[in-house]
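*Asks:* compute the structure for the input listed below.
(chains A and B, ligands or ions: 1)
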Amino acid sequence: MNLLGLDTATAASAVCLLRADGRAFEVVPQVSALSARPAHASDLMPAVALVLEQAALRFGDLDALAVGVGPGAFTGLRIGIATARAIAAAQSLPVRPVSSLAALAAGAETELTLAVIDARRGQAFAALHRGAEEVWPPFVADPATLAERIRTASGTPDAVGDGAVRFRDVLEAAGARVAPEHSPLHVIRALHICRLGRSAPVAAPAAVIPEYLRLPDVTAQSPVAHP
Amino acid sequence: MILALETSCDDTCAAVISPGGEIRSNVVASQGLLHERYGGVVPEIASRRHLEVVDAVTSDALERAAVSLDDVDRVAVTQGPGLIGALLVGLSSAKALAAARGLPLVPVDHLHGHVVASTLEPDPIERPYGCLVASGGHTFLARVEEPSSYRVLGQTLDDAAGEAFDKGARLLGLGYPGGPAIDRFARDGDPEAFRFPRSLPGEGLDLSFSGLKTSLLYRLRDLGEEEVAARRADLAASYQRAIVDALAARIEQAIAEERLERLAIGGGVAANSELRRVLGERCRRSGVGLWAPPLALCTDNAAMIAAAARHLVPLPYPEYLALDAAARLGPEATRAAA
Ligand SMILES: [Zn+2]
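*Replies:* This next block holds a predicted model:
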């Protein structure tokens, strides 16, 4: 199965093509991309075209898509999901949604992994994984609440992700280990989206939507006029 | 066939038109009710909804046109202006769809779409022509010489006409969106009952509507609650008359200065019955042809985006892969002629 995987939950665009022969062609984002201005609209599709070219495949050779559905930055997630769904629609392919936090945790290869994505506004999206098992499903919390939960965890989790870097002090004080700031472990790799996607169930395209975990903020932004 | 997507604000739109400009389908999934209780469009709610329905709306447009993707030879999409998060859903979808089929893509200026909506079949307007685009986000007069571009003759310096309707309706307690509400109430009112200012700043063709709502606000204070309740229809009719008069005055001026023989109107405000009546009368008197397309082509829609794309140079695959949305996109950004 030729599987194309995307993730846009953080500011970094991640793309991987897992070819049927098992070879992976991947665009691995730089760690610095996590703190840069998101540029999914300009980065994502060129990366898709690049991995296809490297793998000497065309869109018509794809068998399925896997896409990170977050939680993460809303606009970024929508770009990744709209892209995956449109490619799937154009080629009549199945789409397999994958948790971006699970993909982040899978890259850490530690026993007990706390995947943390910066949720902005002083909050974090987080999930706890023991190997492939999801101990805590994704949730959104402020750092103090997250720290409290870490203290109840059985074991010392290794925390990864842009949220782990952002809230390092709080997480370390609560007993978690956080990889050094420039460790590539903080980046979500689309290779892991692909690997998890291989066994993930296929979802109806319309059901592939971001895991928002937060209601739209209506008070912070005043409504705009209707055109 | 041209397949077009438009998601610049709160309507998810897809359309299929033929190279000759016949509308094969024009699908709009409106979010009006979702935003009603906020009195305006909430960008995050709009963006979420776009993503939920964009694929369904696209396949619906193909189905109603009785074509498949095999029949599509270019994809058009609104690049801006609009809500950036909303634009990005349509743009991402269109780019990926075009790329996966190896099709060329045409990024379109939303305002260009409004300007050329009247060039579609069955009654396409001939060039050159003048056009009023009036909506909640934009109000301007344009001249169209070539279908690939337009020249702005004048525009509002502050609020858009639709915004003036919305704000007026809110002050009058008539609900949202304001245009249709005021239009409805005004039918039973006397448009001469109250005098509101027609602000026509400068010698040129610019407009201004921000003073109007202030004037209404003061008038409502002076009248007091009971009187306002009793004369709501008169207030709505007079307020509407002021907006329509200002627009009509500038249009007449533009027709004279530019020696226009044809006029098109577009944007949500073009649905206003008083505006249609007044312009119809004046155009008839002066022998100017008036193109007031059906409502579905005035409010946001993808057929107009496809209409603009007919006359623009498409970007071949893979030139458009890095294309980004633009919250602000002006006439100067309109792409060169085909
Ligand atoms: Zn519009």
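
*Asks:* give me the domain ranges for the chain.
*Replies:* In the absence of a named chain, chain A is used. A:3-100+A:188-207, A:110-185 (automatic domain parsing).

*Asks:* try again with chain B
*Replies:* B:2-115+B:298-329, B:123-292.

*Asks:* would you map the helices across the stretch 1-150 of chain B?
*Replies:* B:32-36, B:43-64, B:84-100, B:110-116 (DSSP state H, counting those that start in this stretch).

*Asks:* phi and psi next, for the closest residue to B:Ser135 other than its chain neighbours.
*Replies:* Excluding the flanking residues, the one nearest B:Ser135 by CB to CB, 6 or more residues apart in numbering or on different chains is B:Gly267, at 3.5 Å. Heads up, the C-betas are built off the backbone N, CA and C, glycines and all. Dihedral pair for B:Gly267: phi 90, psi 160, per degrees, to the nearest 10.

*Asks:* check contacts around B:Gly267.
*Replies:* A:Pro227, B:His114, B:Leu132, B:Val133, B:Ala134, B:Ser135, B:His138, B:Thr139, B:Ala161, B:Gly162, B:Cys298, B:Thr299 (CB atoms under 8 Å, 6 or more residues apart in numbering or on different chains).

*Asks:* got JSON lines for the residues you listed, with neighbour count, pLDDT and distance to the ion too?
*Replies:* Shown next, in JSON lines, are the contacts of B:Gly267 (neighbours: other CB atoms under 10 Å in any protein chain shown; pLDDT from 0 to 100; distance: CB to the ion, whole Å):
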{"residue": "A:Pro227", "neighbour count": "27", "pLDDT": "50", "distance to the ion": "4"}
{"residue": "B:His114", "neighbour count": "34", "pLDDT": "97", "distance to the ion": "6"}
{"residue": "B:Leu132", "neighbour count": "28", "pLDDT": "98", "distance to the ion": "13"}
{"residue": "B:Val133", "neighbour count": "31", "pLDDT": "97", "distance to the ion": "8"}
{"residue": "B:Ala134", "neighbour count": "30", "pLDDT": "97", "distance to the ion": "10"}
{"residue": "B:Ser135", "neighbour count": "29", "pLDDT": "94", "distance to the ion": "5"}
{"residue": "B:His138", "neighbour count": "23", "pLDDT": "93", "distance to the ion": "7"}
{"residue": "B:Thr139", "neighbour count": "30", "pLDDT": "96", "distance to the ion": "11"}
{"residue": "B:Ala161", "neighbour count": "30", "pLDDT": "96", "distance to the ion": "12"}
{"residue": "B:Gly162", "neighbour count": "28", "pLDDT": "94", "distance to the ion": "9"}
{"residue": "B:Cys298", "neighbour count": "25", "pLDDT": "95", "distance to the ion": "9"}
{"residue": "B:Thr299", "neighbour count": "24", "pLDDT": "94", "distance to the ion": "7"}
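
*Asks:* would you turn the residues you listed into JSON lines with distance to A:Phe25?
*Replies:* Shown next, in JSON lines, are the contacts of B:Gly267 (distance: CB to CB, whole Å):
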{"residue": "A:Pro227", "distance to A:Phe25": "42"}
{"residue": "B:His114", "distance to A:Phe25": "43"}
{"residue": "B:Leu132", "distance to A:Phe25": "52"}
{"residue": "B:Val133", "distance to A:Phe25": "47"}
{"residue": "B:Ala134", "distance to A:Phe25": "51"}
{"residue": "B:Ser135", "distance to A:Phe25": "46"}
{"residue": "B:His138", "distance to A:Phe25": "44"}
{"residue": "B:Thr139", "distance to A:Phe25": "50"}
{"residue": "B:Ala161", "distance to A:Phe25": "53"}
{"residue": "B:Gly162", "distance to A:Phe25": "49"}
{"residue": "B:Cys298", "distance to A:Phe25": "48"}
{"residue": "B:Thr299", "distance to A:Phe25": "45"}
